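Chemist: The following comprises the amino acid sequence and a computationally predicted model.
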Amino acid sequence: MTERTSYDEIEHTWRALVATACRSAADGLVVGTSGNVSARVGPLVLVTPSGVPYDRLTDRDVVAVDLEGRQVIGSLAPTSELSLHLAVHRSGAGRAVVHTHAVHATAVSTLVPELPPIHYMAAEVGGPVRVAPYAPYGSAELAANALAALDGRAACLLQNHGTVTLGDTLDQAYDRTAQLEWMCQLWLAASGVPGRTPSLLTPAQLAEAATRFKGYGQRP
């Protein structure tokens, strides 16, 4: 890969990252400057900056760090959740990470140790979504708790905090965020009906859904 190609890839990924962050705000999954997004580009991790409204970011505001957290590109300080993003990228679990403070998902994180399998879309993220125990934002403890909850999963909830989803692409990670928030809203609605208990899917039913997902969508 040439230097020019590397620069083009960074520029392209940064624009996609900012668009994803703006989309999370437009869809009501974050408020103000909360939440953050990252994407791996070769040896670098591009991240949203700390405390800057997404709609103010331009092509000149690229923020990139190496896997040790050393800032390589940009003058804006990286997100306060850099430890969380780096833990995921160092693990190789995903090339894109989306973190939000989605309302329904955060509410569920305060009620149960995992989101029950209320819908077959749980199979898309590897099964019932675990809740990582609470830890202060930006801490190494939070990063460790999230990484443990993400073991074998592409999504987790952060107790009294929000969501984390992974993907091979930013679009995939964001789609999983939206699906997770929808599943949490569904479970809250169903479990809140007095005198009724929601039916849940079995591991076998989730496994069947996971198999079907492998053939979903358009073929090249």
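Modeler: Done, it's in.
Chemist: which other helices and strands contact the helix or strand harbouring Cys184?
Modeler: For Cys184, the host element (DSSP states H and E) is helix 170-191. Under the contact criterion of 3 or more C-beta pairs under 8 Å, 6 or more residues apart in numbering; DSSP states H and E, helix 170-191 touches helix 3-26, strand 96-100, helix 103-109, strand 114-115, strand 155-158, strand 162-167. Glycine gets a C-beta too; all of them are placed from N, C-alpha and C.
Chemist: now the second one, how far from the centre of its chain.
Modeler: Chain-centre distance of strand 96-100: 3 Å, with C-alpha atoms, centre = their mean, to the nearest Å.
Chemist: Quick check: the residue lying farthest from the centre of the chain vs Leu201, distance?
Modeler: Taking C-alpha atoms, centre = their mean, the residue of the chain most remote from its mean C-alpha position is Gly195, at 34.1 Å. Distance of Gly195 to Leu201, given as C-beta to C-beta, to the nearest Å: 22 Å.
Chemist: try Leu76
Modeler: For Leu76, the distance to Leu201 - C-beta to C-beta - is 44 Å.
Chemist: before we move on, back to that, tell me which residues of the next helix or strand after the helix holding Cys184 come out buried.
Modeler: Remark: after helix 170-191, the chain's next helix or strand is helix 203-213, criterion DSSP H and E. Neighbour counts over helix 203-213 (16 or more other C-beta atoms under 10 Å) mark 206, 209-210 as buried.
Chemist: Dump the residues you listed to CSV, plus distance to Leu111 and pLDDT.
Modeler: CSV is the format used below for those (distance: C-beta to C-beta, whole Å; pLDDT from 0 to 100):
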residue, distance to Leu111, pLDDT
Leu206, 21, 96
Ala209, 24, 96
Ala210, 26, 94
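Chemist: Including distance to Ala19, could the residues you listed go into TSV?
Modeler: As requested, those are exported to TSV (distance: C-beta to C-beta, whole Å):
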residue	distance to Ala19
Leu206	32
Ala209	29
Ala210	29
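Chemist: just curious, which of those residues is nearest to Gln172?
Modeler: Ala210 (15.2 Å; C-beta to C-beta).
Chemist: Would you enumerate the residues in contact with the closest one?
Modeler: By C-beta atoms under 8 Å, 6 or more residues apart in numbering, the contact set of Ala210 is 123-124.
Chemist: ok, 7 Å please
Modeler: Ala123 (C-beta atoms under 7 Å, 6 or more residues apart in numbering).
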